[in-house]
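Participant: here's my sequence, what's the structure:
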Amino acid sequence: MIKIATPVKPTESREKVMKALGNLFPDVEFSGKEKIGGKADDIRTLEVFIEKIKKQEISETAKSLLASCSDSEGKLRFELNKQAAYAGKVNFTDFDTPLGNITVETDDGDLLLESL
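Facilitator: Next comes the predicted model:
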């Protein structure tokens, strides 16, 4: 199971937030108003996200960071910068940004790490 969510601040355009999510996760169906979220059952849903990491040549950094976010059961939780996602880029963050972050959680952390 993969869960992706992000808040929509009053100063943001919902359409732009949807575009940011769609740039990294085009196969996930998102819904919501003040908080947009989506779920998927298949790790292949993250293929575009994984390809962007490879294209940006940050696979090793991403793998290291994601491994540190993994628990003993293979669950992963990490956050992405929403503004970078709007530009079609993957940018991991470990602090709160004014617009809020995109939070990704998956039970298939081991598969994601193997894909990088």
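Participant: can we go C-alpha only for contacts and neighbour counts from here?
Facilitator: Fine.
Participant: how about the most centrally placed residue in the chain: what's its closest non-neighbour residue?
Facilitator: Here the mean C-alpha position of the chain is nearest to the C-alpha of V104 (C-alpha atoms, centre = their mean), at a distance of 4.7 Å. Among residues not flanking V104 along the chain, I4 sits closest, at 4.6 Å (C-alpha to C-alpha, 6 or more residues apart in numbering).
Participant: so what are the sheet partners of the helix or strand hosting that neighbour and their directions?
Facilitator: I4 is part of strand 2-7 when elements are defined by DSSP states H and E. Applying DSSP bridges to the sheet, strand 2-7 is found paired with strand 35-40 (antiparallel), strand 101-106 (antiparallel).
Participant: which of those strands sits most buried?
Facilitator: Per residue and on average, the most neighbours among those fall to strand 101-106, with a mean of 20 (mean count of other C-alpha atoms under 10 Å).
Participant: F92 and K82 touch, don't they?
Facilitator: No. Taking contacts as C-alpha atoms under 8 Å, F92 lies outside contact range of K82: 9.6 Å.
Participant: which stretches of the chain have low pLDDT?
Facilitator: Per-residue confidence for the chain (pLDDT under 70) gives no ranges below the cut-off.
Participant: could you measure from L65 over to E114?
Facilitator: Spatial separation of L65 from E114 under the definition C-alpha to C-alpha, to the nearest Å is 13 Å.
Participant: for A67, that is, sorry about that
Facilitator: The span separating A67 from E114 equals 11 Å under the rule C-alpha to C-alpha.
Participant: stretch 31-39: how far from the chain's middle?
Facilitator: A distance of 13 Å separates the centroid of the chain from that of stretch 31-39, by C-alpha atoms, centre = their mean, to the nearest Å.
Participant: quick one on the thing from earlier: enumerate every residue touching the residue nearest to the centre of the chain.
Facilitator: Taking C-alpha atoms under 8 Å, 6 or more residues apart in numbering as the definition of contact, the neighbours of V104 are I2, K3, I4, A5, L76, R77, F78, E79, L80.
Participant: many thanks, we can stop here.
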